[in-house]
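Peer 1: Pasting the sequence and the predicted coordinates here, then a few questions.
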Amino acid sequence: MQNFTFHNPTRIIFGEGQIAALDTQVPREARVLITCGGGSIKSNGVLAQVQAAFGERASFVFEGIEPNPTYETLMQAVAVARERNIDFLLAVGGGSVIDGTKFIAAALKFNGEPWDILAKQTPVRDAVPFGSVLTLPATGSEMNNGSVVSHRAKGDKLFFTSDATYPLFSVLDPTTTYSLPARQIANGVVDAFVHTVEQYLTYPVDAKVQDRFAEGLLLTLTEVGPQALAEPKNYAVRANLMWTATLALNGLIGAGVPQDWATHMLGHEITALHGLDHAQTLAIVLPAMLTVRKEQKRAKLLQYAERVWNITEGNEDERIDAGIAATRAFFERMTVGTRLRDYKVSGESVATLIAKLEEHGMTALGEHGDVTLEVSRRVYELAV
């Protein structure tokens, strides 16, 4: 096991009715900007619960944060926050709203051009305090310090992390997910699955706890994912899905083990160029990535095939191929296509995708730093 430091300061408040706990978590004198996406939190009653919990606190609402939050929209929120003298932010929504709110929180305290936080990785040393009310289990953003933001005009999708951008708290009420469209639930399952894989399917370092924990999350997702589609208002299913997605990327299973994240980097470029959902790009890239790099990942792929998919018959190559095939089949069972052509995207964009990877310095990806542009090209071509 590798050396590590693990620290996660986010308080999790979990369960039905817990939105009312906002009254004890947000300072009474705070001027709060509630950030959200579309109108769903109005129609499903979540916004009303939030505002009821706030009572007499001064609060304002900023709507319109996109599924892939854009710099342009987020800077509008920064302007509103400054105009209203906001000193606390509350993200109400899924990972994109929370990611966007992290950027808003950082930009409000940043001395300089805020895009440099992403494009130049200028360190973020301070941020406006914020919390979240999660309504879509997927990204784990409710319990980590990472954020991904797109710049519409530049065609870029970039990330940043900072110890200053952990949520102070996150409220996880599984009932807020009951009204989600099936597509968002399916995407969330795939997202959480690939988050886990990026920290697990690398190479062995004798980290038994992390491996078993990751495998438990993957097994849970294969069980509750289809159930979440079939039984939208099954509280137990939604509760298990919500907590699994949070644990997939709160830093715990990644502590002391090598991590990959090449699938995410290649997926970001597909979203930026073609506008596909984040999880859709992960479902496209991962099977191709595992196939192209199966020699580097051989030991863990064999472990994955046996422990997650119960594949024990055949020689090593056959078991590895069967494990990759089972992964693809699971994504497709979740109704998420696994090839570019499923989204009417041809191989003609591969050259542009590779050029963007090079522009963003993504030329030595993966746990070994050996995912070169040529390897990425092979992955994209196999994913068509």
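Peer 2: Okay, I see it. Numbers count the residues shown, from 1 in each chain.
Peer 1: Please name the nearest non-neighbouring residue to Gly314.
Peer 2: Counting by CB to CB, 6 or more residues apart in numbering, Ala322 is the residue found nearest to Gly314 once chain neighbours are left out, at 6.8 Å. (C-beta placed from N, C-alpha, C; glycine too.)
Peer 1: Would you enumerate the residues in contact with the one you found?
Peer 2: Ala322 makes contacts with 305, 309, 311, 314, as judged by CB atoms under 8 Å, 6 or more residues apart in numbering.
Peer 1: How is this structure divided into domains?
Peer 2: 11-176, 182-383 (automatic domain parsing).
Peer 1: could you dump those domains to CSV with mean pLDDT and distance to Thr5?
Peer 2: CSV is the format used below for the domains of the chain (pLDDT from 0 to 100; distance: least, CB to CB, whole Å):
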stretch, mean pLDDT, distance to Thr5
domain 11-176, 96, 11
domain 182-383, 97, 8
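Peer 1: ok so, going back, just the buried residues of the contacts of Ala322.
Peer 2: The neighbour count (16 or more other CB atoms under 10 Å) marks 305, 309, 311 as buried among those.
Peer 1: Over to the first one. Which of the three states is it?
Peer 2: This points to Ala305. Secondary structure state of Ala305, per DSSP: H, G, I helix; E, B strand; the rest coil, is helix.
Peer 1: Return the subset of the contacts of Ala322 lying in strands.
Peer 2: Among the contacts of Ala322, no member is found in strands (DSSP state E).
Peer 1: For these, which two are the farthest from each other?
Peer 2: Trp309 and Gly314 (12.2 Å; CB to CB).
Peer 1: quick check, the residue nearest to Gly314 in a helix?
Peer 2: Yes - counting by three-state DSSP, Ala322 is found in a helix.
Peer 1: from the contacts of Ala322, which is closest to Arg333?
Peer 2: Arg333 lies nearest to Trp309 out of those, by CB to CB, at 12.8 Å.
Peer 1: And the strands in this structure, which stretches?
Peer 2: 11-14, 31-35, 58-62, 88-93, 130-134, 146-151, 156-161, 169-172.
Peer 1: closest to Arg378 out of the ones you listed?
Peer 2: Of the strands of the chain, the one closest to Arg378 (CB to CB) turns out to be strand 156-161, at 21.7 Å.
Peer 1: list the helices and strands that closest one packs on?
Peer 2: Applying 3 or more CB pairs under 8 Å, 6 or more residues apart in numbering; DSSP states H and E, one finds that strand 156-161 contacts helix 116-119, strand 146-151, helix 262-274.
Peer 1: Give me the helices and strands touching the shortest one, please.
Peer 2: Helix 116-119 sits against helix 95-109, strand 156-161, with contacts defined as 3+ CB pairs under 8 Å, 6+ apart.
Peer 1: buried set for the longest one?
Peer 2: Pointing back at helix 95-109 there. Residues of helix 95-109 classed as buried: 95-108 (neighbour count, 16+ other CB under 10 Å).
Peer 1: same question, the shortest one
Peer 2: Neighbour counts using 16+ other CB under 10 Å place 156-160 of strand 156-161 among the buried residues.
Peer 1: before we move on, the earlier item: using JSON lines, lay out the contacts of Ala322 together with distance to Thr352.
Peer 2: JSON lines is the format used below for these (distance: CB to CB, whole Å):
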{"residue": "Ala305", "distance to Thr352": "34"}
{"residue": "Trp309", "distance to Thr352": "35"}
{"residue": "Ile311", "distance to Thr352": "37"}
{"residue": "Gly314", "distance to Thr352": "39"}
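Peer 1: re earlier: will you turn the helices and strands packed on strand 156-161 into TSV that also has mean neighbour count?
Peer 2: Output for those, formatted as TSV (neighbours: other CB atoms under 10 Å):
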stretch	mean neighbour count
helix 116-119	18
strand 146-151	23
helix 262-274	23
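Peer 1: Compare those and give me the one nearest Thr176.
Peer 2: strand 146-151 (21.4 Å).
Peer 1: and that closest one, how far from the chain's centre?
Peer 2: 11 Å (CA atoms, centre = their mean, to the nearest Å).
Peer 1: Could you list every helix and strand in contact with it?
Peer 2: Using 3+ CB pairs under 8 Å, 6+ apart, strand 146-151 sits against helix 71-83, helix 95-109, strand 156-161, helix 262-274.
Peer 1: Mind doing that once more with 6 Å?
Peer 2: With contacts taken as 3 or more CB pairs under 6 Å, 6 or more residues apart in numbering; DSSP states H and E, strand 146-151 sits against helix 95-109, strand 156-161.
Peer 1: orientation of the longest one relative to strand 88-93 in degrees?
Peer 2: So the one you mean is helix 95-109. Helix 95-109 and strand 88-93 meet at an angle of 160 degrees, taking axes from the mean of the first three to the mean of the last three CA atoms, to 10 degrees as the criterion.
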